[in-house]
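A.B. asks: Task: produce atomic coordinates for the following.
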Amino acid sequence: MKVLICLDNQSAKIILQEALAFLQGFADVKIHILTIEDMAMVSAGTSDFDEVALLRTFEHESNRLAQLVAMLMQGKEYTFYNEVGYPSDEILKKANDISADLLVLGTHDHTALDHLLNASIVEKVLRHTPCKVLVLPLPKTPVV
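C.D. replies: Below is the predicted model of the structure:
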């Protein structure tokens, strides 16, 4: 079974811990871990944003998440991907690329206004996913 676990910067630790706990009883699991540097940060910025500083921030976050993943995986085999793009698009692309059997996502509480203005990443992925999805509700306080 190929499992794609999608981590965000705010809740990576809890998502990965919950996913690994869920997968303990499964045999022959190939774990793929995806982090995404959100392009919405760039497109929402003004024309005078500092691209070099933003890329440094992306690289720093990617390294931090890679270290966290290595610590939590404790010798288990996995493949780590860090992409830059729009989260829902990158998740669906990677799930298709690796022929995922299961997608693991975390979801944050959203207000009704958030849902009216823009659908959540999880909702967009659920509409177009090629596989089963495990959605983990996340605590209101970010856990890094």
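
A.B. asks: Wait, residue 28 touches residue 3, no?
C.D. replies: No: counting by C-beta atoms under 8 Å, residue 28 stays clear of residue 3, with 10.8 Å between them. C-beta: built from backbone N, CA, C; applies to glycine.

A.B. asks: Mind checking which of these two has more residues around it?
C.D. replies: Neighbour count, other C-beta atoms under 10 Å: between residue 28 and residue 3, residue 3 has more, with 24 against 6.

A.B. asks: List the beta-bridge partners for the closest residue to that one other than its chain neighbours.
C.D. replies: Once flanking residues are discounted, residue 3 sits nearest to residue 102: 4.7 Å by C-beta to C-beta, 6 or more residues apart in numbering. With DSSP bridges applied, residue 102 shows beta-bridge pairing to residue 3, residue 132.

A.B. asks: Show the contacting residues for residue 102.
C.D. replies: 1, 2, 3, 4, 131, 132, 133, 134 (C-beta atoms under 8 Å, 6 or more residues apart in numbering).

A.B. asks: and if we set it to 7 Å?
C.D. replies: By C-beta atoms under 7 Å, 6 or more residues apart in numbering, the contact set of residue 102 is 1, 3, 131, 132, 134.

A.B. asks: Return the distance of it relative to residue 29.
C.D. replies: Distance of residue 102 to residue 29, computed by C-beta to C-beta, to the nearest Å: 9 Å.

A.B. asks: which neighbours do these two share?
C.D. replies: Contacts common to residue 102 and residue 29, judged by C-beta under 7 Å, 6+ apart, are 1, 3.

A.B. asks: Surely residue 125 and residue 88 touch.
C.D. replies: Yes: using C-beta atoms under 7 Å, residue 125 is in contact with residue 88, at 5.3 Å.

A.B. asks: I'd like the next helix or strand past the lowest-mean-pLDDT helix or strand in the chain.
C.D. replies: Least confident helix or strand, the chain: helix 112-117 with a mean of 51, by mean pLDDT, DSSP states H and E. Following helix 112-117 in sequence order, the next helix or strand is helix 121-128 (DSSP states H and E).
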